[in-house]
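> No letters, just coordinates:
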Ligand SMILES: Nc1ncnc2c1ncn2[C@@H]1O[C@H](COP(=O)(O)OP(=O)(O)OP(=O)(O)O)[C@@H](O)[C@H]1O
């Protein structure tokens, strides 16, 4: 649906050159909710703005719905842009227009008939739960309601793709939840492919099926959300993941364990069907090991459980080694951790 190939984007201002994107490649499939995460300045906004050609690449190819955007005539590009809706952190509503008029704006620009506009806007306001606010002005609405207006406006032209630029960053956690639920409905009910950028891993956790992690203009990790959350490779990704997956032993517990002189603590990481206690039982029964569970945490991601267990293992060294092989065969990550 969206393909970015060997994208380089440089900005020039006076004598300075900023390389915002350095050879970026990514594919977004039809039906994806594709998240892009990274710290401020990583290049997320630049990346997402390439998709509707708000920014043009310095080099590389942007393909949307099978079309190379660089090869389109201005008329074809305008038509393509109608297939791509966008919502923003600060909503970008016209303050002097009513909610109805804001949502109607793309349809007015498309010169749709009055009747058509009335029907479509009413339907959209119903969909986002704001049918009673048609005659209000943006400054009479809460942040969450304003974002719903932004969403209704973005959907007016029946887009195939919705781009979300930090759409929930200005909202409180509860309102964020409701907007994310709305995005999920849009994806399912209208079959709209969504690309969203955020600096919050919890947003990715709640709605996305795929994620790209960006750092200094590069994609440093990309894949299904469950894979990236389950086995983050790069330090930045690990830091993001730890904001939602609490897979470290709490410091206070580490101190207690050190005081007790506990040795041989292992961290076991399991994804999906393995994330059960039965694996631990097998270690006890099959390998005659003594296990003491020190800390455990489970996180639900995309209907799958990510589990981490910290266990103290006592027993025959050879038996522990054989048990390690058994765990690796079961796709359970195991490593000895140093306390303190
Ligand atoms: N119009 C511009 N002119 C010059 N430099 C720019 C421009 N837009 C972005 N940049 C620079 O490009 C780099 C990437 O910026 P970008 O806004 O894409 O990052 P971001 O990850 O979206 O950051 P944030 O979360 O703060 O919005 C930054 O160094 C930024 O200063």
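Structure's in. What do you need? Bear in mind the structure is a predicted one, so any value in this text is a computation, not a measurement. Numbers count the residues shown, from 1 in each chain.
> How about residues contacting the worst-scoring helix or strand of the chain on mean pLDDT?
Within the chain, confidence by mean pLDDT, DSSP states H and E is lowest for helix 278-287 among all helices and strands, at a mean of 80. Helix 278-287 is contacted from outside by 268, 270, 289-291, 293, 309, 311, 313, 315, 319-320, 322-323, 326-327, 330, 332, using C-beta atoms under 8 Å, 6 or more residues apart in numbering. In this view, the C-beta of every residue, glycine as well, is placed from N, C-alpha and C.
> just the buried members of these?
Using 16 or more other C-beta atoms under 10 Å as the burial test, the contacts of helix 278-287 include 268, 270, 289, 291, 309, 311, 313, 315, 320, 323, 326-327, 332 as buried.
> Out of the residues you listed, which two sit at the greatest distance?
270 and 315 (20.4 Å; C-beta to C-beta).
> Name the residue of the stretch 51-200 of the chain that lies nearest to the ligand.
residue 199 (6.0 Å; C-beta to the nearest ligand atom).
> can you give me the helices in this protein?
Counting by DSSP state H, one finds helices in the chain at the ranges 44-51, 74-82, 99-109, 114-127, 143-155, 173-189, 201-207, 225-230, 235-242, 251-260, 278-287, 317-329.
> With distance to residue 31 as new columns, can those helices be given to me in a markdown table?
Shown next, in a markdown table, are the helices of the chain (distance: least, C-beta to C-beta, whole Å):
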| stretch | distance to residue 31 |
| --- | --- |
| helix 44-51 | 16 |
| helix 74-82 | 19 |
| helix 99-109 | 23 |
| helix 114-127 | 19 |
| helix 143-155 | 16 |
| helix 173-189 | 7 |
| helix 201-207 | 13 |
| helix 225-230 | 14 |
| helix 235-242 | 24 |
| helix 251-260 | 42 |
| helix 278-287 | 34 |
| helix 317-329 | 34 |
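> could I get those as JSON lines with distance to the ligand?
JSON lines is the format used below for these (distance: least, C-beta to the nearest ligand atom, whole Å):
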{"stretch": "helix 44-51", "distance to the ligand": "3"}
{"stretch": "helix 74-82", "distance to the ligand": "19"}
{"stretch": "helix 99-109", "distance to the ligand": "24"}
{"stretch": "helix 114-127", "distance to the ligand": "28"}
{"stretch": "helix 143-155", "distance to the ligand": "17"}
{"stretch": "helix 173-189", "distance to the ligand": "16"}
{"stretch": "helix 201-207", "distance to the ligand": "13"}
{"stretch": "helix 225-230", "distance to the ligand": "18"}
{"stretch": "helix 235-242", "distance to the ligand": "12"}
{"stretch": "helix 251-260", "distance to the ligand": "30"}
{"stretch": "helix 278-287", "distance to the ligand": "40"}
{"stretch": "helix 317-329", "distance to the ligand": "37"}
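> on that earlier part again, for the residue of the stretch 51-200 of the chain closest to the ligand, give me the pLDDT.
At residue 199, the predicted lDDT confidence score is 91.
> For residue 168, see how far away it is.
From residue 199 over to residue 168 the distance is 11 Å, taken as C-beta to C-beta, to the nearest Å.
> So for the two, which sits in the more crowded spot?
Taking other C-beta atoms under 10 Å, residue 199 and residue 168 do not tie; residue 168 has more neighbours (27 against 16).
> could you give the angle of the least confident helix or strand of the chain to helix 317-329?
140 degrees (axes from the mean of the first three to the mean of the last three C-alpha atoms, to 10 degrees).
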